[in-house]
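>>> coords below, sequence missing:
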């Protein structure tokens, strides 16, 4: 699992020791891997001739956003209005808030648009919301840009793509004051797959549903300049995006064990890890105890339903080289229990108290959210910059 | 499930509407329930003649700490050194950091002791740690108080209580510079039970292991003034704590669905909830979508292994009255999907877009950690104070 380096390569004590000054647990971000993940996605989407509106819900960081966006003012996607405020303050002007709008949040949306002259759009999937947004737009004199959320595959929100009457009713209600800008979809199916053909099929289904919904609006004379799709697996495996104008994706920037299980990345692409310190050993049980419990790793056990259950994470040494089959088998609030994967013949490494290890997460969005900053590992393997995160709502 | 109020009682629109000004998702804390939970535990422990050292890892709040502690300067238990620093700054002077100490953290422990004249003790379970702590104590001239962690039941860290030689070796190593103060245990078994007799048995096993370990140290002439046990279920169900000097417990202050499943509280005792807003409906699927996903609720699914799986949480209206069998069946990052529990004949309530609901959490420690503050509901059912949380390490 050590990727491009030969298996017998010596571990690098200098790189490991460069982390020793950091209090643990803490969050590490490998800038080289981040940049490679971004370049790969950009190249892929450029080849498909589609714009990229990176989803910043995973990174929640202006420093990462500046590397991810195609320009300093966007476009970008956010999952909270606090993200929208922070990114707008930092100069991002083209933002989509991609969670169904509650009418009670419209004043805050309007304030962001006014204060930073930001083109912040919202999404919705009901006539009720559309009427509220249209009424708010008329009252405020600010025609809010709206994308109608269309359900790609029955996993979450959205208008059924075959329900033309509902889609048109929403579109017409939006038009009574707000500015209909298009349709937005998210492929939930893609997260449950791990076969390239099936993933390409999910991406095509998402594309087809998006294009069909846009056609319904346009044929009725309603505007639909934007056709937005997105999920890391469907973005990665899409073979054609004809008719789509933009792609949203976020977790691909960091990668994680769940995405590796899907096939959206390899474990060697994962840019995010949690640095932990060994605080105990139970030789009777074959356990090593660290100070990274679920508070540092999150409670996410997304790989539990995949072919390979990675526990609460895969364990590497301080410089990022994998131990054989060592995972976090259990987590208490501030304790992580490391053990060799069940059925493996690998030996438990003899780690002393105070040794530092790096743990690759199941789910980068969830693990990142447990921390307020990234410690960034530069090209020299040393930790340099600290990048703050924008948590909360 | 609506507790003391009759089932036919009208819902209280005024109490619900008092929350409407709060941006969602956010964390609510019912001060009356908190105070009742604290009074119940204090009364129980007073009856058992044992001191209370509340664990502040759940609340991470000085405002809650002041209600929970028997005095303004403690005693209290913490799970991170950031908690120790914040509580010491706020006047708490008697603190136990109840996670096995890493030698690299000793300078920070020493700084807290010096800066605030705090009696901050640490725990450990190896000769290696004991030697490091003793050496640090000699070098700094500050004999650090140490509790030896003893394993109550094989769930995490600690010296096996039957391994007298190991216990004594650690105790003697501590004594070469540091100050041996006693033993500390945590009943992991109790979390897997839900029968009062079995819980009383787990509490007695924890007590017996603690007293036996203390006896081993004392018979060898080593000091052991403190015999510390703790977990919410074992504290709640202990019938005798003879030989124990203090009890640590934390999650009981708020309660949660997991503890209700164990039997440590009822659902009507739960003081913590997440306020959420309805942002969508899928009548075809029987779903209501809210803006409280796993980012607001946490990924904790602790009730999944209990007799009643509560999904990602149980749903109440804005004033805290239960809907029939309505739970959060699935959670995405910023979307929660509400539905009637499988097999229930209850009807899905007809909640409009913008309606606010309260969600009781699986695990108060995990849900609390997703937020940076509490909105405190006072006796009048209205939200008044905002109490900050001390997250991070």
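Okay, I see it. This is a predicted model, so every value here is computed, not measured.
>>> Run through the residues of the stretch 1-150 of chain A sitting next to chain B.
A:20, A:23-26, A:57, A:79-80, A:99-105, A:108, A:125-126, A:128-129, A:132 (C-beta under 8 Å from any C-beta of the partner chain). Heads up, the C-betas are built off the backbone N, CA and C, glycines and all.
>>> For stretch A:89-98, measure first residue to last.
Taking C-alpha to C-alpha, to the nearest Å, the first and last residues of stretch A:89-98 lie 19 Å apart.
>>> do stretch A:346-361 as well
Start-to-end span of stretch A:346-361 (C-alpha to C-alpha) is 21 Å.
>>> Output the contacting helices and strands for the longest helix along chain A.
Counting residues, the longest helix found in chain A (DSSP state H) is helix A:196-219. On a contact count with 3 or more C-beta pairs under 8 Å, 6 or more residues apart in numbering or on different chains; DSSP states H and E, helix A:196-219 meets helix A:164-174, strand A:179-184, strand A:226-229, helix A:232-237.
>>> can you give me how far the third one is from the chain middle?
By that I understand strand A:226-229. Taking the mean of its C-alpha atoms, strand A:226-229 sits 18 Å from the chain's own mean (C-alpha atoms, centre = their mean, to the nearest Å).
>>> How about stretch A:131-141?
With C-alpha atoms, centre = their mean as the basis, stretch A:131-141 stands 32 Å off its chain's centre.
>>> What lies in contact with the strand or helix carrying residue A:113?
Residue A:113 is located in helix A:106-116, with elements delineated by DSSP states H and E. With contact meaning C-beta atoms under 8 Å, 6 or more residues apart in numbering or on different chains, helix A:106-116 is reached by A:81, A:84-85, A:88-89, A:93, A:97, A:101, A:118-120, A:122, A:132-133, A:136, A:140, A:142, A:144, B:23.
>>> Can you give me the domain assignment for chain A?
A:13-29+A:260-388, A:33-253 (automatic domain parsing).
>>> Give me the three-state assignment for the residue lying closest to residue A:170 once chain neighbours are set aside.
The shortest distance from residue A:170 to any non-neighbouring residue, by C-beta to C-beta, 6 or more residues apart in numbering or on different chains, is to residue A:130 (4.8 Å). Classification of residue A:130 by DSSP: H, G, I helix; E, B strand; the rest coil places it in helix.
>>> Pull the number of nearby residues for residue A:130.
By other C-beta atoms under 10 Å in any protein chain shown, the residues close to residue A:130 number 25.
>>> And for the one 10 residues further on?
Each residue near residue A:140 was counted by other C-beta under 10 Å, and the total is 16.
>>> Please tell me the pLDDT value assigned to it.
Listed pLDDT for residue A:140 reads 98.
>>> any idea how far it is from chain B?
Going from residue A:140 to chain B by C-beta to the nearest C-beta, to the nearest Å gives 17 Å.
>>> Tell me the spatial nearest neighbour of that residue, not counting adjacent residues.
residue A:110 (5.4 Å).
>>> Pull up the gap between the residue in the stretch 51-200 of chain A that chain B sits nearest to and residue B:168, please.
Across the stretch 51-200 of chain A, no residue is closer to chain B than residue A:100, which sits at 3.9 Å (C-beta to the nearest C-beta). Applying C-beta to C-beta, to the nearest Å, the value for residue A:100 to residue B:168 is 62 Å.
>>> The two - which one has more neighbours?
Taking other C-beta under 10 Å, residue A:100 and residue B:168 do not tie; residue A:100 has more neighbours (25 against 18).
>>> Any idea what residue A:387 is bridged to?
Beta bridges link residue A:387 to residue A:374, judged by DSSP bridges.
>>> For the stretch 201-350 of chain A, which segments count as helices?
A:232-237, A:257-262, A:294-297 (DSSP state H, counting those that start in this stretch).
>>> Mean pLDDT, mean neighbour count and distance to chain B added to these, as CSV?
Formatted as CSV, the helices of the stretch 201-350 of chain A follow (pLDDT from 0 to 100; neighbours: other C-beta atoms under 10 Å in any protein chain shown; distance: least, C-beta to the nearest C-beta, whole Å):
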stretch, mean pLDDT, mean neighbour count, distance to chain B
helix A:232-237, 94, 27, 13
helix A:257-262, 97, 24, 12
helix A:294-297, 98, 27, 6
